[in-house]
Each structure stands twice: as structure tokens, then as C-alpha cells.
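In: Structure for this input, please:
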Amino acid sequence: MRRLYVIICASFICLGLLYPILGASWPAMSADIRSPQSFLGILSLILNAATFLAILLNNRLVHRFTIRNVLAAAFLLCAAALTLASVTRSVAWIIPSILILGMGRGSIDTSVNSYAALNFETRYINWLHCVWGIGSMLGPVIIGYSINSGSWANGYLAIAAVQYAFIIVMFFTWGWWKKDKTEASSDRVKTKPEVTLLQAAGKSGAVFSMAAFFCYVSYESTAGIWASSFLSSVKNMTPAMAAGCAALFYGGITLSRFLSGFLSGHITSRRLIRFGITISLAGTIIMMLPFSAALSVVGLFLAGFGCGPYYPTMISETPVRFGKTYSSAMVGLQMGSAYVGSMLIPSVTGWLSSVLTLRAYPWILLVFGAGALLFAEKTANRRLKSGSVD
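Out: So this is what the prediction gives:
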């Protein structure tokens, strides 16, 4: 199981590489394909919508084809999408490439999270999401180096090569998945009725769990996307300095997930989430108050640091709260709700900022941070196992 965990961590590094590359490459890509900067919004919507669709379909696909087959196919889709985008370099082909990329990454994300929730303890899931952060930080570095070397397309090809390499790794470790109790019993699972998303949504506490993921990812995505603009327009930082400081939000998440892996064995999941969101809310309040730019950066780091344990810990608790039979479907619902938040709330924040200025940014974060805490507490009251959750 330990060696399989290493492979799964490698899959999440590969996944992390995929998430920031569209935004990182767009300034150079838009000039290359002669597309307006504003077209990024449409491409982002297509990407997130495709990811959302893949999440909804993933439980059925895994039920029919097993998780390792779905995972291998999803990585192949991502690699092919990046290759297609880098070779064609036209709007006509960028759109289907983005659609394919979204389907692939959504399937990877849901498959790995569902698998991890059933097979690993909370600490290992925190470390799994920590290495995702490493991948998400390396993605822009690869793209930036490629742009400085002459072409964004080379960065896409490099990241595609990593995806192809992981497929080869999966081929040579194919038998490892059979030894796991989940994969070994896949034939028996296929004979059982499939748990539909509608059935999972009807479970006690499911709505609270979905609302928790919606609020949390609304907070995280909005905080990350608008951090640089907030620091530059409200705190009067230079754009270059604001961009560098905004990265501290993700640095805080990555560091927190690394530390949470060690703390999870000593602190209950409920307390870990509670302490984390409380730290995030404190950081948000610091950004809200008329403090210096330096203190606002500290607040931004604290906001990210507090976010760290929320997502992986909530995922790891899914089998405990809803049962292993419903776990995969519930993970799909949770992640689907999360992606709805990531699609809607950053856009709403942009609209509100045009009316109220970006001073509304920390207030929006405060609302969704409080919502994430509230619904996490309500979800924690729904457990299948007896015993204290405090």
C-alpha cells in the first residue's frame, strides 16, 4: 500500500501541473492565436464546465470500468489535449483542447480523491493534497521558462510529456492496484446496484456537506484569483510585487497541508477544520481592516494557511459520515458543488468589485469562510460511527 501511495502522490503532482497553466500561458497564447485577453473568461468557463461534467460522470465510469482504467484514460485525455493545443495553435482547436483537458482533469481529481478517501488515513490525504500544491506551483514555472525561451507551446508539450510518462508508470505498476481491497473487489462491486448521485444526495447530511464544499472552494478560489488585484488596487502595491505576494496564499495552503498530516493523528478532523477556518477568518479580517500592505500580505498568508486542512480532511471523512457504499458518489457530489463555487463566485466578485470596488473582496471572503465553518460543523454531526466528534 505504501508504494501505491507514492504512485498516487505522483498522480496528484501531475494533476497539479494542469490547473494553473491556462492562466499562466494566456498572455503569450492570446497574442500567438490572435485572441483578445477577455476570451480567457470564456475558456475558463468551458474548462470548469467540462471538469464539472466529468465529476458527475466519474462515479458511473469507475463503477463500470474500475478506477485504474478510468485514471489511465483520463491522463491520456489530458496529455492529448495539451499536445493538440501546442501543435495546432488556433482558436478553432484550443476550444476542443480545453474541453478535453477539463474532462480529463475532472476525472483524475474525483477518481484519486474517491480512492484515497476509501484507502488512506486523514494524514495521508493531507500530504496528498500537499503534493498537489507542489505541482500547481511548478506548472507556472514551466510555462514561464518556456515563454522566456520562445514559446508557450513548448511548456504545454513538456507538461504533456509528464502526463505520458505517468501513464507509462501506471502500466508498469498495474498489478499494484489489484492488491488493494477496493480494486480487488471491483468485480463484486459491479454486481451491486450502482449508487446514483440522486440517491447519495438524499442521504442525511449530504446537503450540508455539499454546501460546505461550495462555500469553501468559493472562498479559496476567490481569494487566490483576486488576491493580486486587491493588493495592487486597494493596498497600492506594484503589480509585480502584488503578484509575488499573492503566491503566498498558495504557499500557506501547501505548508498547512504538510503540517496537517502530522497533526491529524493528534487532533480530531472536526477540530482541525475548525481551527483552520478560524485562522482563515482571522487573516480575512486583517485584510479587511485599514492596515498596511505588509500586514495585509500576512493576512493573506494566514487565510491560505487556515484553508490547508479543510478540503482533504472533509474528503477523508466522507466514508465515515456516509458509509463506503455511498462514498464515491458523495465525493462526486462534493467536488461538483466545489466546482460550481469556483465557477460562480470569482465571477460574482468581479462584478461586485466593478460596483463597490475591490474593498468588497475581504467581505465576500468573510461570508463564504463563515459559511464553510457553519456547514462543516453541521456535516460533522452526521456520522455513521458512534463516538465523540469533538
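
In: CA atoms for contacts and neighbours, from now on please.
Out: OK.

In: how about the helices in the stretch 201-350 of the chain?
Out: Along the stretch 201-350 of the chain, the stretches classed as helices by DSSP state H, counting those that start in this stretch are 206-233, 239-263, 269-288, 293-307, 310-316, 318-322, 324-356.

In: right, so of those, which gets closest to Leu56?
Out: Proximity to Leu56, assessed across those by CA to CA, is greatest for helix 324-356 (6.1 Å).

In: okay, the angle between the closest one and helix 206-233?
Out: Going by axes from the mean of the first three to the mean of the last three CA atoms, to 10 degrees, helix 324-356 is angled at 30 degrees with respect to helix 206-233.

In: Show me what helix 324-356 is packed against.
Out: Applying 3 or more CA pairs under 8 Å, 6 or more residues apart in numbering; DSSP states H and E, we find helix 324-356 packed against helix 39-65, helix 91-119, helix 197-201, helix 206-233, helix 318-322, helix 361-380.

In: Format the ones you listed as JSON lines; extra columns: mean neighbour count and distance to Cys130.
Out: Supplementary listing: the helices and strands packed on helix 324-356 in JSON lines, determined by neighbours: other CA atoms under 10 Å; distance: least, CA to CA, whole Å:
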{"stretch": "helix 39-65", "mean neighbour count": "20", "distance to Cys130": "21"}
{"stretch": "helix 91-119", "mean neighbour count": "23", "distance to Cys130": "13"}
{"stretch": "helix 197-201", "mean neighbour count": "16", "distance to Cys130": "28"}
{"stretch": "helix 206-233", "mean neighbour count": "23", "distance to Cys130": "15"}
{"stretch": "helix 318-322", "mean neighbour count": "21", "distance to Cys130": "19"}
{"stretch": "helix 361-380", "mean neighbour count": "21", "distance to Cys130": "20"}
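
In: Reformat those as TSV; add distance to Val331.
Out: As requested, the helices and strands packed on helix 324-356 are exported to TSV (distance: least, CA to CA, whole Å):
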stretch	distance to Val331
helix 39-65	9
helix 91-119	6
helix 197-201	10
helix 206-233	9
helix 318-322	7
helix 361-380	14
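
In: right, and those - which one's nearest Ala293?
Out: helix 206-233 (7.1 Å).

In: what distance separates that closest one from the middle of the whole chain?
Out: Between the mean C-alpha location of helix 206-233 and the chain-wide mean there is a distance of 11 Å, by CA atoms, centre = their mean, to the nearest Å.

In: now that helix and helix 361-380, what's the angle there?
Out: Taking the same axes, to 10 degrees, helix 206-233 and helix 361-380 form an angle of 160 degrees between their directions.

In: What average pLDDT does helix 206-233 get?
Out: Helix 206-233 shows a mean pLDDT of 88.

In: Name the nearest residue to Thr122, ignoring sequence neighbours.
Out: Counting by CA to CA, 6 or more residues apart in numbering, Ser316 is the residue found nearest to Thr122 once chain neighbours are left out, at 5.5 Å.

In: for Pro36, same thing?
Out: Ser30 (6.3 Å).

In: re earlier: ok, which of the helices and strands packed on helix 324-356 comes nearest Thr173?
Out: Between Thr173 and the helices and strands packed on helix 324-356, the tightest spacing by CA to CA is seen for helix 91-119, at 15.7 Å.

In: circling back: who's in contact with the residue nearest to Thr122?
Out: By CA atoms under 8 Å, 6 or more residues apart in numbering, Ser316 lies in contact with 116-118, 120-122, 125.

In: remind me which residues of the stretch 151-300 of the chain are low pLDDT?
Out: Confidence mapping of the stretch 151-300 of the chain against pLDDT under 70 gives the ranges 178-194, 239-240, 243.

In: where does Pro290 fall, phi/psi-wise?
Out: phi -80, psi 60 (degrees, to the nearest 10).

In: That one - how many residues pack around it?
Out: Burial of Pro290, expressed as a neighbour count using other CA atoms under 10 Å, amounts to 12.

In: Any figure for the gap between Thr349 and Ala380?
Out: Relative to Ala380, Thr349 is positioned 29 Å away (criterion: CA to CA, to the nearest Å).

In: what secondary structure does Val195 sit in?
Out: Assigned with DSSP: H, G, I helix; E, B strand; the rest coil, Val195 falls in the coil class.

In: how close does it get to Asn59?
Out: Distance check for Val195 against Asn59: by CA to CA, it reads 8 Å.

In: where do the contact lists of these two overlap?
Out: Ala329.

In: So if we follow the domain assignment, how does this protein break up?
Out: Under the assignment automatic domain parsing, the domains of the chain span 2-190, 198-380.

In: if I read this right, Phe213 contacts Val340, doesn't it?
Out: No. The pair Phe213 and Val340 does not pass the contact test of CA atoms under 8 Å, sitting 9.6 Å apart.
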